[in-house]
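A.B. asks: no FASTA, just this:
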């Protein structure tokens, strides 16, 4: 056995990714590592209002952070899913909710019963069988007691202010021994033989040495993309949006318990409700609309008075060919950019940190194998999320609109083409390689985007025909009745954070 040597971890860059890394290492490595984070107040972060997915609970609970404190510090709110407006066609909408849809009967999946019921004319819309959708449509939020019962608890994530989240994690990290150094990175020093990074040179001739470096320098990717010259894998031929305009506005009376994504002529607009304001943005393709037109469209569709001028963010969807090269691991925007349509940005940082903790090098013999595994699993995760986002674009009926016509005719990756074909055939989905999105997520988006299966599993025929309608009606009615007992989203958040929170309106 080889004795573990202490790790000297240097995190280049702060923001959400940098301080997530610092907090995670401080919590789980303890005295096993010394942790230094280098950032400069002169460099801004991209951070805007963030929406997340339920996996965020693993981070919050793992760090031992109190939920009420988290919501207060980040002006957070709850998220039951995402409403997609006008994506299939104008005037159409659906909610991709968290949690399960319906209730299976033995080995018979609910969606197969729904497909049979739809053919029989006794099934309502697919979203009517989600407790989350029922609550979201009513503007409600609630939590169960975790006991086994026919009606599931709400599965939820959060909306929060990214800058507040980073500040909270900084306090958490520094209280646990993380050293923060203020400074600009000027030069990256490498070992002449191994090529590993040995130190960061800052202004005023300061040198920060380490054994493991975490690149959180945003789009610049100073370490992985710059010093180590790891190339970028460009996905813009699949996902052509390359710009975003972000602007906060005053809160509206509609304090929704879900994110909204509204399709626009050359992209889409997000709406994220926080306690103190609403985060908004317009993601678009500059080949189909000008910045001025995109800004005008965004400002014309706010549900409150703008609190700033729209801020432009340029990007290219894709990722570095290797997320871990030599002794450097990239996180967040330094690793790549995934369009935020399904709120996966925070998760990609979180999941990469989880993989890294499990594969941390102990000695030289183990580094290469751990690094290769990390990169292989990262590539799979990014590709599967890419496919899920691409699905929203390619399955549209917005004919005669240049951007959407272009998206509809994109040549699909084989992995997505196979998923669509299998689902169209009989409403089936096979999860592979521990991918992020589960069967119910794929099913909701496939159906929401108009991809309807041509048949159903023969298992569904085991339920007597006269029982299908009443069974499905009982689910929809019980979910709707339960959702009506929940408090409003605003009442729930106020009860959680306390009426004295000065930011809560």
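C.D. replies: Structure's in. What do you need? All of these numbers come straight from a predicted model, not from anything done at the bench. Residues are numbered from 1 along each chain as shown.
A.B. asks: Low-confidence stretches in the protein?
C.D. replies: 1-5, 44-49, 144-149, 362-366, 499-505 (pLDDT under 70).
A.B. asks: just the helices in the stretch 301-450 of the chain please.
C.D. replies: Taking DSSP state H, counting those that start in this stretch as the criterion, the stretch 301-450 of the chain contains helices spanning 345-359, 364-394, 402-408, 414-426, 439-448.
A.B. asks: Pick the most buried one from those helices.
C.D. replies: helix 439-448 (a mean of 22; mean count of other Cβ atoms under 10 Å). Using the backbone N, CA and C atoms, a C-beta is placed for each residue, glycine as well.
A.B. asks: counting contacts, what elements does the following helix or strand past that one pack onto?
C.D. replies: Remark: after helix 439-448, the chain's next helix or strand is helix 465-484, criterion DSSP states H and E. If contacts are counted by 3 or more Cβ pairs under 8 Å, 6 or more residues apart in numbering; DSSP states H and E, helix 465-484 sits against helix 110-120, helix 131-138.
A.B. asks: Please report how far the nearest residue to residue 219 once chain neighbours are set aside lies from residue 392.
C.D. replies: Distances taken as Cβ to Cβ, 6 or more residues apart in numbering place residue 333 nearest to residue 219, at 5.1 Å, with adjacent residues excluded. Distance, residue 333 to residue 392, by Cβ to Cβ, to the nearest Å: 22 Å.
A.B. asks: and residue 205, how many neighbours?
C.D. replies: 7 (other Cβ atoms under 10 Å).
A.B. asks: same check, this time on residue 194
C.D. replies: For residue 194, using other Cβ under 10 Å, the count is 11.
A.B. asks: Where does residue 99 sit: helix, strand or coil?
C.D. replies: Following DSSP: H, G, I helix; E, B strand; the rest coil, the label given to residue 99 is coil.
A.B. asks: so how far is residue 53 from it?
C.D. replies: Taking Cβ to Cβ, one finds residue 99 at 11 Å from residue 53.
A.B. asks: okay, these two: which has more neighbours?
C.D. replies: residue 53 (24 against 19).
A.B. asks: what's near enough to touch that one?
C.D. replies: 98, 157, 342, 343, 344, 346, 347 (Cβ atoms under 8 Å, 6 or more residues apart in numbering).
A.B. asks: again, but for residue 157
C.D. replies: Residue 157 touches 51, 52, 53, 54, 55, 56, 57, 78, 79, 98, 343, counting by Cβ under 8 Å, 6+ apart.
A.B. asks: Now, of the residues you listed, which are buried?
C.D. replies: Among these, the ones that count as buried by 16 or more other Cβ atoms under 10 Å are 51, 52, 53, 56, 78, 79, 98, 343.
A.B. asks: Which strands or helices does the helix or strand hosting the fifth one pack on?
C.D. replies: Spelled out, that is residue 78. Assigned by DSSP H and E, residue 78 belongs to strand 77-79. Counting contacts by 3+ Cβ pairs under 8 Å, 6+ apart, strand 77-79 is packed against strand 157-161, helix 489-497.
A.B. asks: Of all these, which one comes closest to residue 414?
C.D. replies: strand 157-161 (30.4 Å; Cβ to Cβ).
A.B. asks: and the residue nearest to residue 343 when sequence neighbours are not counted, bridged to which residues?
C.D. replies: Sequence neighbours aside, residue 51 is the residue nearest to residue 343 in space, at 4.1 Å (criterion: Cβ to Cβ, 6+ apart). Beta bridges link residue 51 to residue 159 when assigned by DSSP bridges.
A.B. asks: residue contacts, residue 51?
C.D. replies: 79, 82, 157, 158, 159, 259, 270, 272, 340, 343.
A.B. asks: Okay, it and residue 162: tell me how far apart.
C.D. replies: Distance from residue 51 to residue 162, by Cβ to Cβ: 10 Å.
A.B. asks: before we move on, what about residue 348?
C.D. replies: Distance from residue 348 to residue 162, by Cβ to Cβ: 14 Å.
A.B. asks: same check, this time on residue 293
C.D. replies: Applying Cβ to Cβ to residue 293 and residue 162 gives a distance of 27 Å.
A.B. asks: Wasn't residue 37 part of a strand?
C.D. replies: Yes: counting by three-state DSSP, residue 37 is located in a strand.
A.B. asks: Now list the buried members of the contacts of residue 51.
C.D. replies: For the contacts of residue 51, buried by 16+ other Cβ under 10 Å: 79, 82, 157, 158, 159, 259, 270, 272, 340, 343.
A.B. asks: Excluding chain neighbours, give the residue nearest to the second one in space.
C.D. replies: Which is residue 82. residue 259 (4.6 Å).
A.B. asks: Isn't that neighbour up against residue 343?
C.D. replies: Yes: taking Cβ atoms under 8 Å as the definition, residue 259 is a contact partner of residue 343 at 6.6 Å.
A.B. asks: which neighbours do those two share?
C.D. replies: 51, 79, 82.
A.B. asks: can you pull the contacts of residue 446?
C.D. replies: Residue 446 neighbours (Cβ under 8 Å, 6+ apart): 391, 395, 420, 423.
A.B. asks: count of neighbours near the closest residue to the second one other than its chain neighbours?
C.D. replies: Once flanking residues are discounted, residue 395 sits nearest to residue 449: 3.7 Å by Cβ to Cβ, 6+ apart. When neighbours are counted by other Cβ under 10 Å, residue 449 registers 22.
A.B. asks: if I look at residue 449, how far off is residue 86?
C.D. replies: Applying Cβ to Cβ to residue 449 and residue 86 gives a distance of 12 Å.
A.B. asks: separation between the residue most central in space within the chain and residue 480?
C.D. replies: Computing the C-alpha centroid of the chain and ranking residues by Cα atoms, centre = their mean puts residue 344 first, at 1.6 Å. To residue 480, residue 344 is 30 Å away according to Cβ to Cβ.
A.B. asks: try residue 177
C.D. replies: Applying Cβ to Cβ to residue 177 and residue 480 gives a distance of 50 Å.
A.B. asks: the more surrounded of the two?
C.D. replies: Remark: of residue 177 and residue 480, residue 480 carries more neighbours, 16 against 13, as counted by other Cβ under 10 Å.
A.B. asks: How about the contacts made by that one?
C.D. replies: Counting by Cβ under 8 Å, 6+ apart, residue 480 has contacts 128, 134.
A.B. asks: could you redo the last one with a cut-off of 10 Å?
C.D. replies: Applying Cβ atoms under 10 Å, 6 or more residues apart in numbering to residue 480 gives the contacts 128, 131, 133, 134, 135, 137, 138.
A.B. asks: Make CSV out of those residues and add neighbour count.
C.D. replies: Below are these laid out as CSV (neighbours: other Cβ atoms under 10 Å):
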residue, neighbour count
128, 20
131, 28
133, 28
134, 26
135, 28
137, 19
138, 15
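A.B. asks: how about CSV for those residues, with distance to residue 151 added?
C.D. replies: Converted to CSV, the contacts of residue 480 look like this (distance: Cβ to Cβ, whole Å):
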residue, distance to residue 151
128, 14
131, 6
133, 13
134, 10
135, 11
137, 16
138, 15
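A.B. asks: closest to residue 249 among the contacts of residue 157?
C.D. replies: Nearest member of those to residue 249, counting by Cβ to Cβ, is residue 51, at 15.9 Å.
A.B. asks: related to what we said a few turns ago, list the strands paired with the strand holding residue 78, with their directions.
C.D. replies: strand 157-161 (antiparallel).
A.B. asks: how big is the angle separating the helix or strand just after the partner strand from helix 345-359?
C.D. replies: Following strand 157-161 in sequence order, the next helix or strand is helix 162-174 (DSSP H and E). Angle of helix 162-174 versus helix 345-359, following axes from the mean of the first three to the mean of the last three Cα atoms, to 10 degrees, is 20 degrees.
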